[in-house]
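S.K.: Pasting the sequence and the predicted coordinates here, then a few questions.
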There are 2 protein chains.
Amino acid sequence: MTAGGYQKGRLRREDIISAAFEVYREFGYHGSSLREVAKRAGITHAGLLYYFPTKEALLAAVLERRDAEDTEREKLDIQPGMELLRHLIALAEFNVAHRGIVEVYARLAAEAVAPDHPAHDYFIRHYRIARESAVATFKALAESGELRPGVDPEAAAVTFIAMEDGLQVQWLTQPDEIDLVGSLRFFLQNLLTIPID
Amino acid sequence: MTAGGYQKGRLRREDIISAAFEVYREFGYHGSSLREVAKRAGITHAGLLYYFPTKEALLAAVLERRDAEDTEREKLDIQPGMELLRHLIALAEFNVAHRGIVEVYARLAAEAVAPDHPAHDYFIRHYRIARESAVATFKALAESGELRPGVDPEAAAVTFIAMEDGLQVQWLTQPDEIDLVGSLRFFLQNLLTIPID
C-alpha cells in the first residue's frame, strides 16, 4: 500500500469507529449490526469486513478509542489527591458537554454486566483501574488531613465511582433537572475537611 | 370466557411477562423480539399477539409488574425519615438476592435515556417519585437533627438515587468485589449525625 493508501485506510477505519459509536449509542451493542454501521459509514458491508471481520473486533476498537481519549483527558501524570479530584470534576464538565460519549458508556456498562458480553472484561479492568486510582487519592487526602476523620478510603473510592455512573444515567434521563457536576461536588465535599473549590 | 378460561388467560399473560423479563435481561428492550419472547413462553407468535399486540404493550406490562412488586416491597405507608432509609437498605438487600431484577432495571434505565424510547416517560416518572420521597426523608432528618448540618436535602436526594443506580451496575459487573449494601450504608452514614444501625 502506498503512504497515501495507508493514510486513506486509517481515515476509513476511524470513520467506521465513529459510525459504530453512533449505532451503539442508539441500539446498544447487542442491537447493533455491522450492516447498519457500514451504512452509516458510507461503505459496503464487504468493505467494512476488511477492517473489522467481526462485531467483537469493532467493539474492541471503539473501547480502545475511548480509552485513548480518556487517557489524554485524564492526564494520568496528575498526583493522587485534591488535584486529581478537581481534574475528575473538570472531566465531568467535559462529559456534560459531550452527551454522546456518556450515553455510549452508560449503555455498554449496563449491557456488559453479563459475563459473556464481549465488553465484560473491559469494564472489569475499567472499574479496577478507576478504583485503584480513587483509593490512592483518598488515602493521600487522609494523610494530608483533607479527608474527614473516620472516612474509609476504600469505601469512598467505590461510592465515588458509583456516584459518577449513577449521576450519568439520571442526568441523561433528565438533563434539565439534574446538575451532574454540582451533585458530584456535593458528594465529594461531604467526604472532605476543606472546601473543594 | 369461562371463569377457568379467564384464569388460564391470566396465567398465560403472566408467563409471557416473565419470559419478556428474561429476554430484556439478556438482550435489552431494543435487542428483544416478540418472537423470542413467545418461544421462551412456549406459545406461538400469533398466540402472544393476542395478549400483547406490540412490543411497547409488552414493555408496559413488564414495567407495571415491576412497579406493583416495588410498591409492595417499598411499603409506601412508611413515614419519611430514618425508618424509610432503613427500609430502602433492606430493599437493597433484597435486590442483592435477586440479581435478575437489578439487571433488567439497569439495562432498561440505560436504554431509556433516549427521549424516543418507549420506557423514557416511565423512568422520568420513576426518578421524580424517588427524588420526592428522598427529599421528604432528608428534610425530616434535617428537622430532627439527624442530618449533618449544612447538608442540602435536595442534593442528598439526587446523590442518594445516583448512588443506588451506580452501585447496582458496579456490583452487577463485579459481584464478588463490591459490597452493595455496605457501600450504600457508608454513603448514608456520611450524611447523618446518628448511627444508621
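M.R.: Okay, I see it. Numbers count the residues shown, from 1 in each chain, chains lettered A, B, ... in the order given.
S.K.: Compute the distance between residue A:97 and residue A:176, please.
M.R.: For residue A:97, the distance to residue A:176 equals 15 Å [CB to CB, to the nearest Å]. (Each C-beta comes from the backbone N, C-alpha and C, glycine too.)
S.K.: Please disregard the earlier target; I meant residue A:53.
M.R.: 43 Å.
S.K.: Counting neighbours around each, name which of those two comes out higher.
M.R.: residue A:53 (11 against 6; other CB atoms under 10 Å in any protein chain shown).
S.K.: following the least confident helix or strand in chain A by mean pLDDT, which helix or strand shows up next?
M.R.: Lowest mean confidence among the helices and strands of chain A (mean pLDDT, DSSP states H and E): helix A:55-74, at a mean of 82. Toward the C-terminal end, the helix or strand that comes next after helix A:55-74 (DSSP states H and E) is helix A:82-96.
S.K.: What helices and strands are in contact with the helix or strand just after that following helix?
M.R.: Downstream of helix A:82-96, the next assigned helix or strand under DSSP H and E is helix A:99-111. Secondary-structure packing of helix A:99-111 (3 or more CB pairs under 8 Å, 6 or more residues apart in numbering or on different chains; DSSP states H and E): helix A:3-27, helix A:55-74, helix A:82-96, helix A:153-173, helix B:99-111, helix B:153-173.
S.K.: hmm, 6 Å instead?
M.R.: helix A:3-27, helix A:153-173, helix B:99-111 (3 or more CB pairs under 6 Å, 6 or more residues apart in numbering or on different chains; DSSP states H and E).
S.K.: of all those, which lies closest to residue A:84?
M.R.: Among those, the nearest to residue A:84 by CB to CB is helix A:153-173 (11.0 Å).
S.K.: Wondering if that closest one reaches chain B at all.
M.R.: Yes. Judged by CB under 6 Å from any CB of the partner chain, helix A:153-173 comes into contact with chain B at A:155, A:158, A:159, A:162, A:163, A:165, A:166, A:167, A:169, A:170, A:172, A:173.
S.K.: State the distance from the closest residue in space to the first one that isn't next to it in sequence to residue A:152.
M.R.: Pointing back at residue A:155 there. Among residues not flanking residue A:155 along the chain, residue B:186 sits closest, at 4.2 Å (CB to CB, 6 or more residues apart in numbering or on different chains). Residue B:186 sits 7 Å away from residue A:152, going by CB to CB.
S.K.: More neighbours: which of those two?
M.R.: Counted by other CB under 10 Å, residue B:186 and residue A:152 do not tie: residue B:186 has more neighbours, with 19 against 15.
S.K.: That one against residue A:153, yeah?
M.R.: No. Assessed by CB atoms under 6 Å, residue B:186 is found out of contact with residue A:153, at 11.2 Å.
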